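Novice: have a look at this fold, sequence not included:
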């Protein structure tokens with residue numbers, strides 16, 4: 001049974017009832033539950049319901065338990081949909097621009113459309129995948145948003161978006177072999193999405209992979225990198241927002257907290273100070289490490305590595321601060337001896353500019369004891385170095 005047929009069976013009364021019955025099925029008991037249910041229900045329906053239960057459990061991390069428990073998903077839809085917190089932030093950005101209607105192209109199972117509708121925005125949600133369309137339509141209805149979301153099965157390249165205030169495009173970035181890194185291999189290609197954005201009647205946003213090269217960002221776009229809870233989730237190219245072309249920003253959720261590029265030159269390289277600042281991944285992706293270094297009065301440990309060092313503990317939401325207690329050339333035996341002396345049993349290993357794998361290092365040093373420490377495997381002025389410390393206490397005030 002394909003994804004579309006599976007969804008259709010689950011939307012029928014017997015399917016809905018079975019979904020409710022298997023909602024909290026423990027994966028370890030799935031075989032026993034399936035055997036029991038197949039005595040009174042078609043085998044394909046039981047498989048579809050249990051498969052959907054697994055997808056819902058995976059979707060909790062993105063949508064929360066309440067919404068995920070009411071929504072329907074496809075395997076690709078769970079994988080590629082926008083996290084609810086990120087979608088809500090973007091919907092708020094559209095609303096702040098005065099947007100009241102959005103053409104959501106490549107809508108998938110409807111994650112962004114849901115966030116937009118909850119922000120009071122009318123949405124045309126378009127996708128060419130029949131299963132995704134069925135899920136998006138079911139999800140809009142299940143969450144009470146059907147009046148604000150029109151779901152349409154179509155090729156997005158043939159949709160007239162002229163009647164909408166804004167356009168949002170989320171091209172597929174996965175293929176049969178996994179993630180797609182070439183923006184022109186997206187479906188549809190980034191070049192088409194850029195043309196759609198430039199011809200939109202108002203603002204437009206294009207969701208792209210966070211690893212997009214800066215040279216691939218159109219000159220007339222504002223590029224934004226977004227992280228949630230410290231994990232970089234996506235990059236977005238904004239058009240028609242009134243911001244200066246070529247602007248760059250990093251946004252951290254929850255918050256939101258936004259750091260904007262100011263065109264600073266690369267920070268100077270300096271000797272390690274008492275504190276090490278690890279910039280958020282969105283800051284690094286946006287090439288805004290210089291802005292963080294300026295905030296904390298610091299410099300780089302190495303010209304090619306995004307670790308900032310400084311002598312004072314200064315507050316910034318855009319980096320995590322560590323107090324460094326020890327510095328030594330890379331040497332496993334010396335590190336093991338130091339950790340034993342300090343009674344370190346909980347060791348966090350961070351690396352940048354080192355080929356050593358954290359788990360491999362932990363096995364070799366075998367930390368034991370009641371204390372905790374963080375070791376940074378990095379380079380200082382080109383030399384492999386270990387910096388040992390711990391998260392810094394936040395300065396008063």
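Specialist: Thanks, I have the structure now. Note that the coordinates shown come from a computational prediction; the quantities given were computed from them, not determined experimentally.
Novice: low-confidence stretches in the stretch 151-300 of the chain?
Specialist: In the predicted model of the stretch 151-300 of the chain, residues 175-177 satisfy pLDDT under 70.
Novice: where do the strands sit along it?
Specialist: According to DSSP state E, counting those that start in this stretch, the stretch 151-300 of the chain carries its strands in the segments 166-169, 174-175, 178-179, 203-208, 222-228, 231-239, 248-253, 257-260, 275-279, 299-302.
Novice: make TSV out of those strands and add distance to residue 74 and mean neighbour count.
Specialist: Heads up, the C-betas are built off the backbone N, CA and C, glycines and all. Below are the strands of the stretch 151-300 of the chain laid out as TSV (distance: least, C-beta to C-beta, whole Å; neighbours: other C-beta atoms under 10 Å):
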stretch	distance to residue 74	mean neighbour count
strand 166-169	20	28
strand 174-175	12	12
strand 178-179	17	8
strand 203-208	18	24
strand 222-228	23	24
strand 231-239	20	21
strand 248-253	26	23
strand 257-260	33	17
strand 275-279	36	23
strand 299-302	44	21
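Novice: redo the ones you listed as a markdown table? Include distance to residue 75.
Specialist: Written out in a markdown table, the entries for the strands of the stretch 151-300 of the chain read as follows (distance: least, C-beta to C-beta, whole Å):
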| stretch | distance to residue 75 |
| --- | --- |
| strand 166-169 | 22 |
| strand 174-175 | 11 |
| strand 178-179 | 13 |
| strand 203-208 | 19 |
| strand 222-228 | 22 |
| strand 231-239 | 19 |
| strand 248-253 | 26 |
| strand 257-260 | 33 |
| strand 275-279 | 34 |
| strand 299-302 | 42 |
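Novice: these: which one's closest to residue 215?
Specialist: Nearest to residue 215, of all the strands of the stretch 151-300 of the chain, is strand 222-228, at 11.2 Å by C-beta to C-beta.
Novice: ok, and what's touching that closest one?
Specialist: 83, 85-86, 89, 210, 214, 217, 232-239, 241, 243-254, 280-283, 285-286 (C-beta atoms under 8 Å, 6 or more residues apart in numbering).
Novice: again, only using 7 Å
Specialist: Strand 222-228 is contacted by residues 83, 85-86, 210, 217, 232-238, 241, 243, 247-253, 280-282, 285-286 when judged by C-beta atoms under 7 Å, 6 or more residues apart in numbering.
Novice: nearest to residue 187, out of the strands of the stretch 151-300 of the chain?
Specialist: With distances scored as C-beta to C-beta, the stretch of the strands of the stretch 151-300 of the chain nearest to residue 187 is strand 174-175 (7.9 Å).
Novice: right, and the strands of the stretch 151-300 of the chain - which one's nearest residue 49?
Specialist: Distance to residue 49, taken as C-beta to C-beta, is lowest for strand 174-175 among these, at 25.5 Å.
Novice: show me the contacts for the residue nearest in space to the middle of the chain.
Specialist: Centroid check for the chain by C-alpha atoms, centre = their mean gives residue 233 as the closest residue, at 1.6 Å. Residues near residue 233 by C-beta under 7 Å, 6+ apart: 83, 86, 226, 227.
Novice: switch the cut-off to 8 Å
Specialist: With C-beta under 8 Å, 6+ apart as the criterion, the residues that contact residue 233 are 82, 83, 86, 210, 226, 227.
Novice: could those residues be laid out in JSON lines, adding distance to residue 183?
Specialist: JSON lines is the format used below for those (distance: C-beta to C-beta, whole Å):
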{"residue": "82", "distance to residue 183": "18"}
{"residue": "83", "distance to residue 183": "21"}
{"residue": "86", "distance to residue 183": "20"}
{"residue": "210", "distance to residue 183": "12"}
{"residue": "226", "distance to residue 183": "17"}
{"residue": "227", "distance to residue 183": "20"}
